[in-house]
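S.K.: Structure, please.
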Amino acid sequence: MAKTSGPSKSQGALKPTVTWLKEPQHHDYPAAASYLSLIAGPKAVSRVVKALEEAPTVTFKAKDLLRAAALPLLPADDPDVVKELARVRAGTALSPCLVIRGSTKNGTTARIADGYHRICASYHLSEDTVVSARIARF
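M.R.: Model prediction:
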């Protein structure tokens with residue numbers, strides 16, 4: 001798969017660069033569907049997963065994704081964040097995150113359907129680390 005990189009600089013100190021795959025891995029979609037099935041019915045989940053598969057890959061800063069989802073930053077010693085940070089340091093490309101767009105009209109926040117730990121790991125490198133994502137609406 002093709003890769004893309006996002007800068008990871010913090011207070012002038014060079015941090016590892018996060019490299020992103022151009023496309024999510026196939027197993028990311030069932031993982032997103034599993035989470036989404038807790039908040040929506042099967043038809044809505046199928047529609048949004050298809051929309052995520054067809055959506056372009058875009059980039060946002062880690063801090064913006066966490067704020068839009070109103071989620072806390074997981075600690076750097078969280079076991080899954082540790083795994084993602086190790087992958088970054090090893091130069092392994094990460095899979096783009098799958099995000100459901102929030103709505104100011106409906107008062108809903110964005111939902112990170114897959115990739116929360118990747119976003120948190122990216123933030124720990126720098127809050128301004130560029131994160132690749134696919135975004136769709138419910």
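S.K.: ranges for the helices of the chain?
M.R.: Along the chain, counting by DSSP state H, helices occupy 28-36, 42-54, 62-69, 79-89, 116-125.
S.K.: how close does the residue nearest to residue 47 when sequence neighbours are not counted sit to residue 89?
M.R.: In space, and not counting its chain neighbours, residue 47 is closest to residue 138: 8.0 Å by CB to CB, 6 or more residues apart in numbering. Glycine gets a C-beta too; all of them are placed from N, C-alpha and C. For residue 138, the distance to residue 89 (CB to CB, to the nearest Å) stands at 35 Å.
S.K.: Same drill for those two, tell me which one is more crowded.
M.R.: Between residue 138 and residue 89, counting by other CB atoms under 10 Å, residue 138 is the more crowded of the two (17 against 11).
S.K.: Before we move on, what's the pLDDT of that one?
M.R.: pLDDT recorded at residue 138 is 89.
S.K.: worst-scoring helix or strand of the protein, pLDDT-wise?
M.R.: Least confident helix or strand of the chain, by mean pLDDT, DSSP states H and E, is strand 9-10 with a mean of 41.
S.K.: Which residue lies nearest the spatial centre of this structure?
M.R.: In the chain, the C-alpha nearest the mean C-alpha coordinate belongs to residue 97, at 2.9 Å (CA atoms, centre = their mean).
S.K.: gap between that residue and residue 105?
M.R.: Here the criterion is CB to CB. By it, residue 97 lies 24 Å from residue 105.
S.K.: which residues sit against stretch 66-85?
M.R.: In this structure, residues lying in contact with stretch 66-85 by CB atoms under 8 Å, 6 or more residues apart in numbering are 94, 99, 102, 109-112, 116-121, 123-125.
S.K.: picking that back up, residues near the closest residue to the residue nearest to the centre of the chain other than its chain neighbours, how many?
M.R.: Nearest in space to residue 97, with sequence neighbours left out and distances taken as CB to CB, 6+ apart, is residue 115 at 2.8 Å. Residue 115 has 26 neighbouring residues, counting by other CB under 10 Å.
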